[in-house]
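In: Let me see the structure of the following:
(3 chains)
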Amino acid sequence: MLGKTRHLINLRRWQFASAVFERVHGQVQNTDAVFPLDLFQRFMPIGEMCRFGVVTASDRASSGEYEDLSGPAIVAFLEEAVSSDWEAVTSVVADDREAIELEMIRLCDEEGCSVVITTGGTGPAPRDITPEATESVCDRMLPGFGEQMRTVSMKYVPTAMLSRQTAGIRGSSLIMNLPGSPRSIREILDVVFAAVPYCVDLIGGPYIATVPSVVDAFRPPHARRE
Amino acid sequence: MLGKTRHLINLRRWQFASAVFERVHGQVQNTDAVFPLDLFQRFMPIGEMCRFGVVTASDRASSGEYEDLSGPAIVAFLEEAVSSDWEAVTSVVADDREAIELEMIRLCDEEGCSVVITTGGTGPAPRDITPEATESVCDRMLPGFGEQMRTVSMKYVPTAMLSRQTAGIRGSSLIMNLPGSPRSIREILDVVFAAVPYCVDLIGGPYIATVPSVVDAFRPPHARRE
Amino acid sequence: MLGKTRHLINLRRWQFASAVFERVHGQVQNTDAVFPLDLFQRFMPIGEMCRFGVVTASDRASSGEYEDLSGPAIVAFLEEAVSSDWEAVTSVVADDREAIELEMIRLCDEEGCSVVITTGGTGPAPRDITPEATESVCDRMLPGFGEQMRTVSMKYVPTAMLSRQTAGIRGSSLIMNLPGSPRSIREILDVVFAAVPYCVDLIGGPYIATVPSVVDAFRPPHARRE
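Out: Residues are numbered from 1 along each chain as shown, chains lettered A, B, ... in the order given. Modelled structure (predicted):
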């Protein structure tokens, strides 16, 4: 463990993959055994499945002192909001600058996540260090995300002003910080996620489609498919 | 003088201290003489009185060309808004980067101010240098303060866009910039101060209570007392 | 050419200059020949004509692949909005950091532009580099411009969050970034330009007067003329 867990989620992905595999090879006995990631990827149009990295930065969740509710809240949002194919890679790390940086680098560069969403560590307390870690691994910052996330949260609590959350680009990955509270996470993603799919287009990632009743992602007409 | 004045205010503090002292030692003749700060502090719960530093950055006010109205406007707000015990340490310095930096450092590190509020020097003119001084003495910045302060002032004048005011943390002190105009100071503090008490909690300072009809300071339920 | 064109616009300037010249010297045959810029400037109160630099940053417009519509949209706005004397110096450069920086430096330091407005190159795509170029040539940044420009555009499209546009001061010049879309340019200038004249006052530039029905520029009472 050592403060890090990993799950592969998105059952729809496996259901779809299983269906394809069955059509090609007949009935499957043990999906886990016959269906490692690299085999699966041969069936997917390259670059068209989006991997989301979800990083919970929390001393207490990483030490097992309490259960991480923030990472699962982000995944639950993605389950509702994203209609194109995707999967999530989740981890829980301590509020340690180097640990957060290394995990973000791993998710972007090794896991190929087009979007990395962090939760926690965005406040003014001494252990809050996620924004600094984010800035140090990004090539360029997107100040509009932090502004807009604070604007959204200010409708609920004035202390949203204290959040230092930011977002930026590392290579062809978007990294964005969310606060630690599951309720704030949802309030912010409901609004801010509308800009994520076109951002991922612009940095060369896969086409992300959303469920319009949850998030009405905007793209200029020339960038739309269907 | 040399562009720097200092006042100890908050009569309530002295009245309370005098009352305590009288109860212990009998009638007091010369409060100033028998009641230096270190003696006083023995009567106060440690860490529960908040010191506010108020720095007016202004060439003309520091040279005596005109009276400083901005610093007193901040103190007047504190008199109305803060119901827990506090005192203010005020000074007037020239629009000189080193002078402002040294004064902020002194207020944080020597005077033990948990909150340092500056006024003036936030515009785009060549002598306006308070935000740079602030950034250079802070460990970490709180961009939400600047955003929110400009958003508030934009309701009154479009030139609020020109303000470069910011805020940040130095050790266990919050430093925030306000513009020079007493009217703008009040408009901003009425809104922004709601996030100050919880910020001071998070950086390890004293518990600041406010008068709800003036400023409804927000804390999450677990951080509230009474 | 090499990705750079230059126009001298503002017909009103020439009409006024011609009228003055005719009154002094009699009928003019060939305005272009007898009226070079340095001669013209002898008739103008020094420092009271404002030069606007307009820089279109676009690989495709600079290579001639398509026509630049963004630079002309900015000039069209100025034609409507500015009632005091002005002229524009426009250029089109590739999305190349050094090219943009050199052009901004030239417009500020050699052409004497009090305001340089760029368009394009503000998004998250790898070639978008205008904000970095701006920050590197400016002495000090004005974060309120970027915030306010994004706030305006967010009313129209959520992807305005992705814009990294900023503004800053170089010497006595204001440099501000606009996005590439002519419609966004207009939406933003309609709001943001209200703060430009007083900003130029504060950094020592000429007095810019505006047409109130287009832009109601704000100045504090002590800074107003007429």
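In: Is stretch A:88-106 in proximity to chain B?
Out: No - judged by C-beta under 8 Å from any C-beta of the partner chain, stretch A:88-106 and chain B are separated, with a smallest distance of 11.8 Å. Any C-beta I mention is one placed from the backbone N, CA and C, and that applies to glycine too.
In: List the buried residues for that stretch?
Out: Residues of stretch A:88-106 classed as buried: A:88-97, A:99-101, A:103-106 (neighbour count, 16 or more other C-beta atoms under 10 Å in any protein chain shown).
In: what is the rounded mean pLDDT of that stretch?
Out: Per-residue pLDDT values across stretch A:88-106 average out to 98.
In: re earlier: now, the buried residues of stretch A:88-106 that are in helices?
Out: Mapping the buried residues of stretch A:88-106 onto helices (DSSP state H) picks out A:97, A:99-101, A:103-105.
In: Now tabulate those residues in JSON lines and tack on distance to chain C.
Out: Formatted as JSON lines, these follow (distance: C-beta to the nearest C-beta, whole Å):
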{"residue": "A:Arg97", "distance to chain C": "24"}
{"residue": "A:Ala99", "distance to chain C": "26"}
{"residue": "A:Ile100", "distance to chain C": "22"}
{"residue": "A:Glu101", "distance to chain C": "21"}
{"residue": "A:Glu103", "distance to chain C": "22"}
{"residue": "A:Met104", "distance to chain C": "17"}
{"residue": "A:Ile105", "distance to chain C": "19"}
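In: These: which two are farthest apart?
Out: A:Arg97 and A:Ile105 (12.4 Å; C-beta to C-beta).
In: what does chain A have sitting close to chain C?
Out: Residues of chain A that fall close to chain C, judged by C-beta under 8 Å from any C-beta: A:140-145, A:147-148, A:151, A:169, A:174, A:191-192, A:194-195, A:198-199, A:202-204, A:218-220.
In: Let me know the pLDDT of A:Arg225.
Out: Model confidence at A:Arg225, given as pLDDT, is 89.
In: Please disregard the earlier target; I meant A:Met154.
Out: 97.
In: show me the residues around it that make contact.
Out: A:160-161, B:148 (C-beta atoms under 8 Å, 6 or more residues apart in numbering or on different chains).
In: same check, this time on A:Val82
Out: With C-beta under 8 Å, 6+ apart, A:Val82 has these contacts: A:50, A:208-211.
In: Give me the neighbour count for the closest residue to A:Asp109 other than its chain neighbours.
Out: Spatial nearest neighbour of A:Asp109, excluding adjacent residues (C-beta to C-beta, 6 or more residues apart in numbering or on different chains): A:Gly171 at 7.1 Å. Using other C-beta atoms under 10 Å in any protein chain shown, A:Gly171 has 14 other residues around it.
In: go on, A:Leu69?
Out: 15.
In: can you check A:Ala61 too?
Out: Neighbours of A:Ala61 (other C-beta under 10 Å): 24.
In: That one belongs to a helix, doesn't it?
Out: Yes - the assignment for A:Ala61 (DSSP: H, G, I helix; E, B strand; the rest coil) places it in a helix.
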